[in-house]
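Student: Output the structure for:
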Amino acid sequence: MSNLISLLCILLFSIKIGTSQPTHESNHQHNDTTHESNQVDTENFVLTATTAKPEEETTLSILEQFRRALPTVPTAKPAKIPRIPAHKGIIKKCKLLPTYRLRESCKSIAENGLIYSMEKNVLAFVNRTEEKEFYKKESVTGERSLSFGIALPGEQNCDATCPSGKEWSTATEKHERSFSPWGYCDNYDPDRLPQWISYAKCKCKGCMDPNTLEENLSYSSIELKTAIPVLRKEQEVMDFQDCTNKKCKESVVEIVIGCYCFLPFIS
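Tutor: Purely as a prediction, here's the structure:
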């Protein structure tokens, strides 16, 4: 009897072991499957990364070939800022003015195109001694009207005589061959910088007729005007070297730069 019981216990134990073994094997197989799937994913990722790199290199190489195929555009050099021409005589006087603002204003006057074009017809005196020295030399040549060594304010040396037909037809200067010819005058103002400027003045009231080579009063000569910058001091200030920002200020002067022919309205 005891032997039978022992045999039954051995049989039950063996059955229990047989039933539990597949479960362990299934867990083991599941772990192996998970590991294999992870390994496959890793291999796929590595494969994707390794296969993507040649594609990127191919794309870059195509772009590089396209870039090299384009025509080479030369690199533009930075443009040089053109230097503004300035009237040398006035620039020298600007350095003698006492304040920075006045010097800068004087510089802008010297760089004005009209003043620059006047050349020797523009003069600027900073002090009275310099002015008197100039007039002593001028009094010998008699080129300008003088009074006690100082020029009279206003117009000087005006060339405003209407030409005859022969003078007009044989003139060489453009302003003298115009249908409305003009000449130039010097203008002096001791309280203005520059003191001497040149401006145009119509020679005829009418216009020159190319058929008769005479003045035709049916037409009118009209002045063409513009404005230029100047420095103006108060009369109580003797020299521009004694100027202050309050006593000397920027201003504009209207001058005539030429003449043109005009047909008057007939009512």
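Student: which secondary element of the protein has the worst mean pLDDT?
Tutor: strand 146-147 (a mean of 48; mean pLDDT, DSSP states H and E).
Student: and C185, what helix or strand is that in?
Tutor: Per DSSP states H and E: C185 is located in strand 182-188.
Student: Describe which strands that strand pairs with in its sheet and in which direction.
Tutor: Here strand 182-188 is paired, per DSSP bridges, with strand 154-156 (antiparallel), strand 196-202 (antiparallel).
Student: Among those strands, which comes closest to F134?
Tutor: strand 196-202 (9.4 Å; Cβ to Cβ). Where C-beta positions appear, they are placed from N, C-alpha and C, glycine not excepted.
Student: The helix or strand just after the closest one pairs with which strands?
Tutor: Counting by DSSP H and E, the next helix or strand C-terminal to strand 196-202 is strand 207-209. According to DSSP bridges, strand 207-209 has the following sheet partners: strand 214-216 (antiparallel).
Student: just to revisit the earlier point, deepest of the strands paired with strand 182-188, which one?
Tutor: Most buried of the strands paired with strand 182-188 by mean neighbour count (mean count of other Cβ atoms under 10 Å) is strand 196-202; its value is a mean of 21.
Student: Pull the residues that contact it.
Tutor: Contacts to strand 196-202, defined as Cβ atoms under 8 Å, 6 or more residues apart in numbering, come from residues 115, 118, 121-124, 158-160, 175, 180-188, 221-224, 228, 253, 255-259.
Student: And those, which of them are buried?
Tutor: With burial judged by 16 or more other Cβ atoms under 10 Å, the buried subset of the contacts of strand 196-202 is 115, 118, 121-124, 175, 180-188, 221, 223, 228, 255-259.
Student: Can you pull out the residues in contact with the strand holding C185?
Tutor: 121, 144, 151-161, 175-176, 195-203, 221, 255-256, 258-259.
Student: Restrict it to CA atoms and write it as CSV.
Tutor: Taking Å, rounded to 0.1, in the frame of the first residue of the first chain, the C-alpha atoms of strand 182-188 are listed here in CSV:
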residue,chain,number,x,y,z
TRP,A,182,23.4,138.7,-70.6
GLY,A,183,26.6,139.9,-69.0
TYR,A,184,28.0,139.6,-65.4
CYS,A,185,28.3,142.1,-62.5
ASP,A,186,30.3,142.0,-59.3
ASN,A,187,28.3,142.6,-56.1
TYR,A,188,29.9,143.7,-52.9
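Student: So what's the model's average confidence on that strand?
Tutor: For strand 182-188, mean pLDDT is 90.
Student: moving C-terminal of it, what's the next helix or strand?
Tutor: strand 192-193.
Student: Counting by contacts, list what that next one packs against.
Tutor: Strand 192-193 is packed against strand 220-233, with contacts defined by 3 or more Cβ pairs under 8 Å, 6 or more residues apart in numbering; DSSP states H and E.
Student: Can you tell me, leaving aside adjacent residues, what's nearest to A227?
Tutor: Once flanking residues are discounted, A227 sits nearest to V252: 4.5 Å by Cβ to Cβ, 6 or more residues apart in numbering.
Student: Cheers, nothing more for now.
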